[in-house]
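Undergrad: predicted model and sequence below, questions to follow.
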Amino acid sequence: MAGPGSYIIGEEEKQALLEVVEKGYLFRYGDRKDPQFLAKVWQLEKEVAKYFDITHTVACNSGTSALWIALGALGIGPGDEVIVPGYTFIASITSIVFARAIPVLAEIDDTLTLDPEDVRRKITPRTRAIMLVHMLGNPGHLDELKKIAQQNDLFLIEDCAQAFAAKYRGRYVGSYGDVGTFSFNFYKTITAGDGGLVATRDKKLYERAFAIHDQGHLPLRQGVEQGARTVMGLDFRMTELAAAVLLAQLKKVDRIKTELKRRKKRFKEGISDLDGIEYRRLLDPDGELGTLLTVFMPDAKTARKVGDALGGGVVADSGWHVYNNMEHVLGRKTVDKVNCPFSCPFYTGKGGSMEYAKGMLPKTDAILNRAINISIGVADAGLGSGFGITILSDDAEVDRKIEQFRKTVKKYL
């Protein structure tokens, strides 16, 4: 149960780790003149920025941290509202909560990403940002949502945790909004076990993000900057060990994408003649990662039978990726003048209120209840992709899974 990068860890990652350990510098900072200091984190930030053709990046310890850092860099805080889809990993929502802002849940459409029309409906005078989540390796409505953000003077945040190296109209996701965030945990495109990254073209946002992730320090410090720090920050730094692994994995990204797309194409072609099923709408088929193949059954009852028979259930079962399953969010009502994100997380001391309950997003519910995820490169029960293949599956295994899927669908359709 893992993402594509996890399946192809090999000698490259092992040697990269050994090199750092032998040199003895595990901390992201050191004297650049010292040959023992390899500056792997700095190198990773440069390489990812070059790969994405974006100006600035900040490597950190997780994708969740990256989201919280991004919100802080944008100055989003108490009383502010951030529109976020009800279908996303819970970190997208909790990062807003811990910024002491208010998550406003919005519907998805058949792309499984934010529905622009519902985003328009959810905008209020308190809205500060739209958080577009590129779910399951596919870009969302970037053109429309960027236009909505500009028309309403809002920030656009791209949560690219599940879409590292996906493209939209020739550009990488994460390079369209004011800020993009990425994850490198075990289930992602490339991995170091964990890790995250913030990307932006704005120098001031970069400096704020860097300071927030490193005790208020300015970017690429060489020592302690007493008297020079600009904001208060915490410690979300990445280690040299994680960066070393990620640099090795970064060199495999193009291979990963090629292998995933080839297997997905074979799987989809193998079931394309089945009557009664539809596929997730892809806004840029050439730019997707190909980590999962999402199919829609005619109705929720049929989807449940097929999903359960395959052992993966339906997408609505996907744990903390679906708002209905977030038990620590549902049923909680915001309370004015509460200034503690732990006792009452939805801080509204500056006005506004929000309630969260099962069924509050009926369009999202209807879509996810008849959707089934087939793993192509991300085998994760938490994504509803317990059935399928991996990046290492040969054609024979792919064909066996195709046949299993075909027989199951024909049984219940």
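TA: Perfect, thanks for sending it.
Undergrad: make sure Thr191 is actually in contact with Asn185.
TA: Yes - under the criterion of CB atoms under 8 Å, Thr191 makes contact with Asn185 at 6.3 Å. Just so you know, the C-beta spots here come from the backbone N, C-alpha and C atoms, and that holds for glycine as well.
Undergrad: overlap in contacts of these two?
TA: Taking CB atoms under 8 Å, 6 or more residues apart in numbering as the contact rule, Thr191 and Asn185 both touch Gly3.
Undergrad: these two: which is more packed in?
TA: Neighbour tally, Thr191 and Asn185, criterion other CB atoms under 10 Å: the higher count belongs to Thr191, 26 against 19.
Undergrad: which residue is the nearest non-sequential neighbour of the more buried one?
TA: Spatially, and ignoring its direct neighbours in sequence, Thr191 is nearest to Gly5 (4.2 Å; CB to CB, 6 or more residues apart in numbering).
Undergrad: helix/strand/coil for that neighbour?
TA: Following DSSP: H, G, I helix; E, B strand; the rest coil, we place Gly5 in the helix state.
Undergrad: return the residues in contact with it.
TA: Applying CB under 8 Å, 6+ apart, we find Gly5 in contact with Lys188, Thr189, Ile190, Thr191, Gln249, Lys252, Ile256.
Undergrad: one more time with 10 Å
TA: Residues in contact with Gly5 (CB atoms under 10 Å, 6 or more residues apart in numbering) are 13, 164, 184-192, 245-246, 248-250, 252-253, 256, 377, 391.
Undergrad: helices - which of these land there?
TA: Judged by DSSP state H, helices contain the following of the contacts of Gly5: Glu13, Val245, Leu246, Ala248, Gln249, Leu250, Val253, Ile256.
Undergrad: these two touch, right, the fifth one and Tyr7?
TA: It stands for Gln249. No - using CB atoms under 10 Å, Gln249 is not in contact with Tyr7; the gap is 11.3 Å.
Undergrad: out of the two, which sits in the busier spot?
TA: For the pair Gln249 and Tyr7, the greater number of neighbours falls to Gln249 (25 against 17), based on other CB under 10 Å.
Undergrad: list the contacts of the more buried one.
TA: Counting by CB under 10 Å, 6+ apart, Gln249 touches 4-6, 8-9, 12-13, 16, 164, 184, 188-192, 256.
Undergrad: between the two ends of stretch 384-397, how far is it?
TA: 20 Å (CA to CA, to the nearest Å).
Undergrad: quick check: closest non-adjacent residue to the spatially most central residue of the chain.
TA: Among the residues of the chain, the one closest to the centroid is Ala161, at 2.0 Å (CA atoms, centre = their mean). Ranked by CB to CB, 6+ apart and with sequence neighbours excluded, the top spatial neighbour of Ala161 is Ser183, at 3.7 Å.
Undergrad: what's around that neighbour, how many residues?
TA: So Ser183, with other CB under 10 Å, has 29 neighbours.
Undergrad: could you measure it against Ala199, distance?
TA: For Ser183, the distance to Ala199 (CB to CB, to the nearest Å) stands at 12 Å.
Undergrad: what about the helices in this protein?
TA: All helices of the chain, identified by DSSP H, fall at 4-7, 11-23, 40-52, 63-73, 91-98, 116-122, 142-151, 203-213, 240-250, 253-271, 300-310, 362-369, 395-412.
Undergrad: just name the most buried of those.
TA: Comparing the helices of the chain by mean neighbour count (mean count of other CB atoms under 10 Å), helix 63-73 ranks first with a mean of 28.
Undergrad: what sits in contact with each of Ser183 and Ala199?
TA: Residues touching both Ser183 and Ala199 by CB under 10 Å, 6+ apart: Ala66, Cys160.
Undergrad: which helices and strands does the longest strand along the chain pack with?
TA: In the chain, with assignment by DSSP state E, the single longest strand is strand 127-133. With contacts taken as 3 or more CB pairs under 10 Å, 6 or more residues apart in numbering; DSSP states H and E, strand 127-133 sits against helix 63-73, strand 81-85, helix 91-98, strand 102-106, helix 116-122, helix 142-151, strand 155-159, strand 179-183.
Undergrad: is it possible to get a markdown table of those that adds mean pLDDT?
TA: Shown next, in a markdown table, are those (pLDDT from 0 to 100):
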| stretch | mean pLDDT |
| --- | --- |
| helix 63-73 | 98 |
| strand 81-85 | 97 |
| helix 91-98 | 94 |
| strand 102-106 | 95 |
| helix 116-122 | 98 |
| helix 142-151 | 98 |
| strand 155-159 | 98 |
| strand 179-183 | 98 |
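Undergrad: can you redo those as TSV with distance to His217?
TA: Listed next are these as TSV, based on distance: least, CB to CB, whole Å:
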stretch	distance to His217
helix 63-73	13
strand 81-85	27
helix 91-98	21
strand 102-106	30
helix 116-122	36
helix 142-151	30
strand 155-159	23
strand 179-183	19
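Undergrad: nearest to Asp317, out of these?
TA: strand 81-85 (17.3 Å; CB to CB).
Undergrad: follow-up on the earlier one: right, so of the helices and strands packed on strand 127-133, which gets closest to Lys411?
TA: strand 81-85 (32.9 Å).
Undergrad: partner strands of that closest one, with direction?
TA: strand 102-106 (parallel), strand 127-133 (parallel) (DSSP bridges).
Undergrad: nearest to Lys46, out of these?
TA: Among the strands paired with strand 81-85, strand 127-133 sits nearest to Lys46 (CB to CB), with 25.9 Å.
Undergrad: now do that closest one: distance to the chain's middle.
TA: Taking CA atoms, centre = their mean, to the nearest Å, one finds strand 127-133 lying 14 Å from the centre of the chain it belongs to.
Undergrad: next, the angle strand 155-159 makes with that strand.
TA: 20 degrees (axes from the mean of the first three to the mean of the last three CA atoms, to 10 degrees).
Undergrad: what angle sits between strand 127-133 and helix 63-73?
TA: Counting by the same axes, to 10 degrees, strand 127-133 points 150 degrees away from the direction of helix 63-73.
Undergrad: fine, thanks again, bye for now.
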